[in-house]
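J.: what shape does this take:
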Amino acid sequence: MARKVVNRKAKAAEAEAAEKQATAKKKKAAKKATKRKKKVAAEVRLRLYWGVFSQNLKRVAVFEFDQKKEAVKRATELSKGGKAPHFVQKVKEEIKPE
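T.: Residues are numbered from 1 along each chain as shown. Below is the predicted model:
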């Protein structure tokens with residue numbers, strides 16, 4: 001009977017050791033899984049324009065950035081005669097790679 005007790009104790013010790021190893025492996029795997037790769041945002045290039053807008057915020061015309069005088073002139077033309085006022089505002093648009 002003494003042999004069975006010793007044998008049971010040895011098997012129990014082996015089972016405990018195997019369980020500890022399994023939990024240690026799970027912890028390492030969990031630590032590795034928590035690391036996340038950082039996403040690098042794609043660099044977006046924008047171009048600046050002058051936009052002529054109506055009172056309802058609808059874009060009526062677009063001018064190059066160096067043509068602000070023409071944009072203001074167009075806005076005043078559209079606003080004449082008691083019509084809805086128009087205004088000039090900067091507009092940024094994405095430059096699409098070709």
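
J.: and the residue nearest the centre of the chain, which of the three is it?
T.: Nearest to the centroid of the C-alpha atoms of the chain, with distances taken as Cα atoms, centre = their mean, sits Ala41, at 6.9 Å. Here Ala41 is coil, with the state taken from DSSP: H, G, I helix; E, B strand; the rest coil.

J.: can you tell me how far it is from Glu93?
T.: Ala41 is 18 Å from Glu93, where distance means Cβ to Cβ, to the nearest Å. In this view, the C-beta of every residue, glycine as well, is placed from N, C-alpha and C.

J.: buried sites along stretch 65-73?
T.: By 16 or more other Cβ atoms under 10 Å, the buried positions in stretch 65-73 come out as Ala71, Val72.

J.: so for it, mean pLDDT?
T.: Taken as a whole, stretch 65-73 has a mean pLDDT of 95.

J.: contacting residues around that stretch?
T.: The contact list for stretch 65-73 (Cβ atoms under 8 Å, 6 or more residues apart in numbering) reads Arg47, Leu48, Tyr49, Trp50, Gly51, Val52, Ala61, Phe63, Val88.

J.: can you do 7 Å?
T.: Leu48, Tyr49, Trp50, Val52, Phe63, Val88 (Cβ atoms under 7 Å, 6 or more residues apart in numbering).

J.: from these, which ones fall inside strands?
T.: Leu48, Tyr49, Trp50, Val52, Phe63, Val88 (DSSP state E).

J.: does the closest residue to the third one other than its chain neighbours count as helix, strand or coil?
T.: Put plainly, it is Trp50. Nearest-residue entry for Trp50: Ala71, 4.0 Å, with adjacent residues in sequence omitted and distances by Cβ to Cβ, 6 or more residues apart in numbering. Three-state call for Ala71 (three-state DSSP): helix.

J.: and Val62, what does it touch?
T.: Val62 neighbours (Cβ under 7 Å, 6+ apart): Tyr49, Gly51, Val91.

J.: just to check, Gln89 is in contact with Phe53?
T.: Yes - counting by Cβ atoms under 7 Å, Phe53 is a contact partner of Gln89 at 5.8 Å.
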